[in-house]
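[1] need a structure here:
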Amino acid sequence: MSNQIHREITPLKENDCFLIFDREREFFNFPIHFHPEFEINYIRHAKGGKRVVGDHIGEIEEKELVMVGPNLYHGWENYKNTGKETLHEITIQFPRELFNDDLLSRNLLQPVKELMNNAYRGILFSQETINMIEPRLQRLSQKRGFDSYLEFQSLLYDLAISRDQQLLTNMSFLRQNDFHNSERIESIYTFVKENFGKKIKLEDAASRVNMTVVSFSRLIKQRTGKSFVDFVNEIRLGYATRLLIESNKSIGEICFECGFNNISNFNRIFKKRQGCTPSEFRTNFTGTRSVF
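    This next block holds a predicted model:
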């Protein structure tokens, strides 16, 4: 892991629609970084490499396709990748201004709007989607002019409607509000963010939006796919991972600061979500500092 997270200055100019890089190399050598543009990254022949997106760490397969939103830090490291095969990487970067709110509000573009909202948490696409998109990505790098723009738009739409997308980061890493279409959920999310370090009662959260506990619990499950306890813990874990990365506070200090009532419970919940203990997670990020 590099000892610093870099702000990448991309070559995109003010009037550019998007850039695409198609390159081959032996190993990953670019540090963990972030930039204000959206990015789609396809990788082949780097099995065993490590993917880092926000607070997510995962091992990549033979083929990889990820989309990240603006200012979400990300990068790939060699890890278990031996470099026996030359890795192939295709990267597309485009500015958020390419699609304004008026355009994305059109019915036809609703899937693209959702795709871009989800990209703020990082999206890992399925192997089925990769197999479908792979030849088009390779052809896109060969196209020029308006033909390349039309193909890029078509590719975005197909990604948007693809199945089995996996969101990578915790909700607390979200750089914009993905609950914009629900005032109640937005209000609850704000309430939890402001009080995650304290004991949060289900009854207090329900009363905040003038709902019964039963109706409130049903709403949370429908809109987030989680129970209220899991919803709160995910937000707490987001702040915990930030503190593990960005501070020198002890595990115990972070545990109680983020609202967990004891260290063993914190370790158990953290390991279930991240696949490692808080100490192991910190070791993977030793020396890094996030800049936003």
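[2] At which residues are the helices of the chain located?
    101-104, 110-119, 127-140, 145-160, 183-195, 202-208, 213-224, 228-246, 251-257, 263-274, 278-284 (DSSP state H).
[3] In TSV: those helices, plus mean pLDDT and mean neighbour count.
    In short, each C-beta sits where N, CA and C put it, glycine included. Conversion of the helices of the chain to TSV gives the following (pLDDT from 0 to 100; neighbours: other Cβ atoms under 10 Å):
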stretch	mean pLDDT	mean neighbour count
helix 101-104	85	10
helix 110-119	92	18
helix 127-140	92	15
helix 145-160	91	15
helix 183-195	83	16
helix 202-208	91	15
helix 213-224	85	15
helix 228-246	82	21
helix 251-257	94	17
helix 263-274	88	16
helix 278-284	79	16
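[4] Of the ones you listed, give the one that comes closest to residue 68.
    With Cβ to Cβ as the measure, helix 110-119 is the member of those nearest residue 68 (6.1 Å).
[5] elements contacting that closest one?
    Judged by 3 or more Cβ pairs under 8 Å, 6 or more residues apart in numbering; DSSP states H and E, helix 110-119 is in contact with strand 63-68, helix 101-104, helix 145-160.
[6] Make a markdown table out of these and add distance to residue 166.
    Below are the helices and strands packed on helix 110-119 laid out as a markdown table (distance: least, Cβ to Cβ, whole Å):
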| stretch | distance to residue 166 |
| --- | --- |
| strand 63-68 | 10 |
| helix 101-104 | 23 |
| helix 145-160 | 13 |
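[7] before we move on, back to that, can you say which of the helices of the chain is nearest to residue 22?
    The closest approach between residue 22 and any of these, judged by Cβ to Cβ, belongs to helix 127-140 at 7.6 Å.
[8] residues touching the residue of the chain positioned farthest from its centre, list them.
    Distance to the chain centre peaks in the chain at residue 212, reaching 32.7 Å (criterion: Cα atoms, centre = their mean). Residues near residue 212 by Cβ atoms under 8 Å, 6 or more residues apart in numbering: residue 206.
[9] On the pLDDT front, check it for me.
    On pLDDT, residue 212 comes in at 92.
[10] now do residue 168
    92.
[11] Report the separation between it and residue 101.
    Here residue 168 is placed at a distance of 25 Å from residue 101 (Cβ to Cβ, to the nearest Å).
[12] Residue 233 now?
    Residue 233 is 32 Å from residue 101, by Cβ to Cβ.
[13] Then residue 119?
    For residue 119, the distance to residue 101 - Cβ to Cβ - is 16 Å.
[14] what's the answer for residue 42, then?
    28 Å.
[15] Same question for residue 220.
    Relative to residue 101, residue 220 is positioned 27 Å away (Cβ to Cβ).
[16] ok, now residue 40?
    According to Cβ to Cβ, residue 40 stands 21 Å off from residue 101.
[17] now residue 152
    For residue 152, the distance to residue 101 - Cβ to Cβ - is 20 Å.
[18] Stretch 138-154 spans what distance, first to last residue?
    With Cα to Cα, to the nearest Å as the measure, the ends of stretch 138-154 fall 14 Å from one another.
[19] hang on, I meant stretch 102-112
    Stretch 102-112 has an end-to-end distance of 13 Å (criterion: Cα to Cα).
[20] Need the residues that contact that stretch.
    Residues from elsewhere that reach stretch 102-112 (Cβ under 8 Å, 6+ apart): 99, 113, 116, 156-157, 160-161.
[21] tell me which of the residues you listed is nearest to residue 281?
    Closest to residue 281, out of all of the contacts of stretch 102-112 and judged by Cβ to Cβ, is residue 116, at 28.4 Å.
[22] from memory that closest one sits against residue 99, does it?
    Yes: counting by Cβ atoms under 8 Å, residue 116 touches residue 99, with 6.9 Å between them.
[23] ok so, going back, for the residue farthest from the centre of the chain, give me phi and psi.
    When read as degrees, to the nearest 10, the backbone of residue 212 gives phi -70, psi 160.
[24] Quick one: end-to-end distance for stretch 188-206.
    So stretch 188-206: terminal residues 8 Å apart, Cα to Cα.
[25] meant to ask about stretch 209-218
    So stretch 209-218: terminal residues 13 Å apart, Cα to Cα.
[26] how far is that stretch from where the chain is centred?
    Put simply, stretch 209-218 sits 29 Å off its chain's centre (Cα atoms, centre = their mean, to the nearest Å).
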